[in-house]
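Undergrad: Show me the folded form of this:
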Amino acid sequence: MPKLTKMSTCSYYSSGDQAAECGRRSGDHRSQRIVGGERAVHGEWPWQVSLHQRNPHTGQLLSQHCGGTLIGPSWVLTAAHCIVDPLFGFTIPPVFWIVKMGHIELSDRQPPHLAGVSKIITHKYFDAKTWNHDIALVKLREPLALDQMTGVNTVCLPGASASFEGHLCHVTGWGKVTENGSDSELLQKIAVPVIPYNDCYKKYESINPITPGMVCAGGDQPNKGPCVGDSGGPLQCRREDGAWVQIGVTSWGVGCARQNYPSVYVKISDYVNWIYFHLAKDYLAGLRAARTPRAPHRTDGRTL
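TA: Numbers count the residues shown, from 1 in each chain. The predicted structure is shown next:
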């Protein structure tokens, strides 16, 4: 049986508000590793982020663990298996995570943005054996300023009924450049076709079930697609109006970019309501906390 591979190493914004500004780049970036990919250039994918863990003993920032995308000034979308401990199954606490943004080189010690994490939300039905519901939200400690000067922007999210089957879309990440190789120091990109659900289902029927909450892309050519370390990053397509919309979260596959085995992504259109529900819930909780009067305190710090 082929070996399945996870693509990793171990405020509320309405869809209308987001669509007005999201998915725009600072210039017209044409194609200048993802396996078989090309190097990205600064500002080409301004919503791409890298997730890093801190050493719990020394506090040292470790190498890139997974990718992710900025979907709002305070929120990053990624894969649940990036966030959940693979051995014990618990969500790794926010204090152990750092998010880098606005960079294409992993070794950049002073990226434009370096943010701590205040909250993590993983899908409550995430299944680490089948990779079903492999989606998570990461909240930054402080919201970002989004404009061309910062070089950071959000990606658009699709509507619940959106379909990009047959489109040529792009995958980006810092994962391995060959199945048995090392991670890429520079952000990589590659164009892959989104394939019909039934075609993907048949290819994986005897290996691992493809559910309606998954979307597949690539597999038409050998050595062209995501690999270990690319998990959590985006499968993104360009709309007719020129804006980029993220249709998938890199999740799993057989090996790395093997021919006839498409890479499998979380189908965001099936989870967009889940995403907005949790963003709205957090926003409303923040409003309630801000409006709740604090109990009076005495000068010695005790509550009256």
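Undergrad: ok so Leu235 is a strand residue?
TA: Yes: assessed by DSSP: H, G, I helix; E, B strand; the rest coil, Leu235 belongs to a strand.
Undergrad: Just give me the neighbour total for it.
TA: For Leu235, the count of nearby residues is 28 (other CB atoms under 10 Å). The C-beta positions use only the backbone N, C-alpha and C, and glycine is treated the same way.
Undergrad: ok, residues contacting stretch 152-159?
TA: Contact with stretch 152-159 is made by 15, 18-19, 21-25, 46-47, 69-73, 101-102, 112-113, 144, 146, 164, 234, 236, 239, 243-247, 268-269, 272, 275, as judged by CB atoms under 8 Å, 6 or more residues apart in numbering.
Undergrad: Let's see that with 7 Å instead.
TA: Around stretch 152-159, the neighbours that count as contacts under CB atoms under 7 Å, 6 or more residues apart in numbering are 15, 18-19, 22-24, 46-47, 69-72, 101-102, 112-113, 144, 146, 234, 236, 243-247, 268-269, 272, 275.
Undergrad: does Ala160 really touch Asn273, like I thought?
TA: Yes: using CB atoms under 7 Å, Ala160 is in contact with Asn273, at 6.1 Å.
Undergrad: Have a look at those two and say which one is more surrounded.
TA: In this view Ala160 and Asn273 are compared by other CB under 10 Å, and Ala160 has more residues nearby, 13 against 10.
Undergrad: list the contacts for that one?
TA: 269, 272-273.
Undergrad: Try it again at 10 Å.
TA: Shown in contact with Ala160 (CB atoms under 10 Å, 6 or more residues apart in numbering): 15, 268-273, 276.
Undergrad: now do Pro226
TA: Pro226 makes contact with 5, 7, 33-35, 37, 67, 171-173, 175-176, 188, 190, 192, 217-218, 233, 235, 250-253, 256-257, 263-265, according to CB under 10 Å, 6+ apart.
Undergrad: got it, and Arg239?
TA: Contacts for Arg239 were tallied using CB under 10 Å, 6+ apart; they are 19, 23, 156, 158, 162, 164, 167, 245.
Undergrad: Show only the entries of the contacts of Pro226 found in strands.
TA: 5, 67, 171-173, 188, 190, 192, 217, 235, 250-253, 263-265 (DSSP state E).
Undergrad: Would you mind listing which of these are buried?
TA: Among the ones in strands among the contacts of Pro226, the ones that count as buried by 16 or more other CB atoms under 10 Å are 5, 67, 171-173, 188, 190, 192, 217, 235, 250-253, 263-265.
Undergrad: per the record, what domains does this structure have?
TA: Structurally, the chain divides into domains by automatic domain parsing as follows: 12-28+46-155+270-288, 168-268.
Undergrad: now the helices for this structure?
TA: Assigned by DSSP state H, the helices in the chain fall at 15-21, 80-83, 197-204, 272-291.
Undergrad: Highest mean neighbour count out of these?
TA: Mean neighbour count (mean count of other CB atoms under 10 Å) peaks for helix 80-83 among the helices of the chain, with a mean of 28.
Undergrad: Packing partners of that one?
TA: strand 48-54, strand 61-72, strand 113-122, strand 136-140, strand 244-254 (3 or more CB pairs under 10 Å, 6 or more residues apart in numbering; DSSP states H and E).
Undergrad: buried set for stretch 57-71?
TA: For stretch 57-71, by 16+ other CB under 10 Å, it's 64-71.
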